[in-house]
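J.: Based on what follows, work out the 3D shape:
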Amino acid sequence: MTDQPQGAEPASDERPGSTAADPAPSPEEQLAALRKDRDELYDRLLRSTAEFDNYRKRTDRERRETAERVTASVLEEVLPVVDDFERALRVEAGAAAETYRTGLEIIYKQLQDVLTRRGVTPIPTVGTDFDPHVHQAVAYDESPGHRDGEVVEEMRRGYKLGERLLRPAMVRVAKA
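T.: Numbers count the residues shown, from 1 in each chain. Predicted coordinates for the structure are as follows:
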């Protein structure tokens, strides 16, 4: 008696699901199957490479945008300090305060240099046409010597960071 359970077929060396009548695949069929596998793997490689490249570009863009937002935020907080320096330098000081004024001018120039290096530029105002995208009109004045819509006075300087508006200029505008 054998150790096989009743009704079981004798073990064979053949692959499961194949019968003795299935011939082995021909070399051409094997080559076609290998080419198909290669093409599928190559397609997956191309897709993975493209996805990684898109990911890298997206993260670079997000990192740049975050840096620009942080820079703009810090610069917006510095602009009131610049305004205060400009107001302090407009005040007439006596001869005794001349050295104090010279120190303020040096600090103001250094601050302006930092802003310039960071790409901050003042918005042109007096003599230009009013532009609601960069100017904030605080008053309209009758002014026969100026054309309608011309900026006649700057109340507070406006600034741009590259093409991005940091703060609009507060201006008085001529009305015909």
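
J.: switch to C-alpha atoms for all contacts and neighbour counts from now on
T.: OK.

J.: Quick one: the helices in this structure, in order.
T.: Taking DSSP state H to define them, one finds helices in the chain at 27-90, 98-117.

J.: Go through these and name the closest to Pro168.
T.: helix 27-90 (11.2 Å; CA to CA).

J.: What helices and strands are in contact with the closest one?
T.: Judged by 3 or more CA pairs under 8 Å, 6 or more residues apart in numbering; DSSP states H and E, the packing partners of helix 27-90 are helix 98-117, strand 164-167.

J.: wait, what's in contact with the residue most central in space within the chain?
T.: Taking CA atoms, centre = their mean, the centroid of the chain lies closest to Glu65, which sits 2.3 Å from it. For Glu65, the contact set (CA atoms under 8 Å, 6 or more residues apart in numbering) is empty.

J.: before we move on, back to that, okay, the helices and strands packed on helix 27-90 in CSV with mean pLDDT, distance to Val78 and mean neighbour count next?
T.: As requested, the helices and strands packed on helix 27-90 are arranged in CSV below (pLDDT from 0 to 100; distance: least, CA to CA, whole Å; neighbours: other CA atoms under 10 Å):
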stretch, mean pLDDT, distance to Val78, mean neighbour count
helix 98-117, 91, 9, 14
strand 164-167, 93, 11, 17
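
J.: Dump the ones you listed to a markdown table, plus distance to Leu46.
T.: What follows is these, written out as a markdown table (distance: least, CA to CA, whole Å):
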| stretch | distance to Leu46 |
| --- | --- |
| helix 98-117 | 42 |
| strand 164-167 | 38 |
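
J.: So which of those is nearest Arg35?
T.: The minimum distance between Arg35 and the helices and strands packed on helix 27-90 falls on strand 164-167, with 53.7 Å, by CA to CA.

J.: count of neighbours near Asp83?
T.: 14 (other CA atoms under 10 Å).
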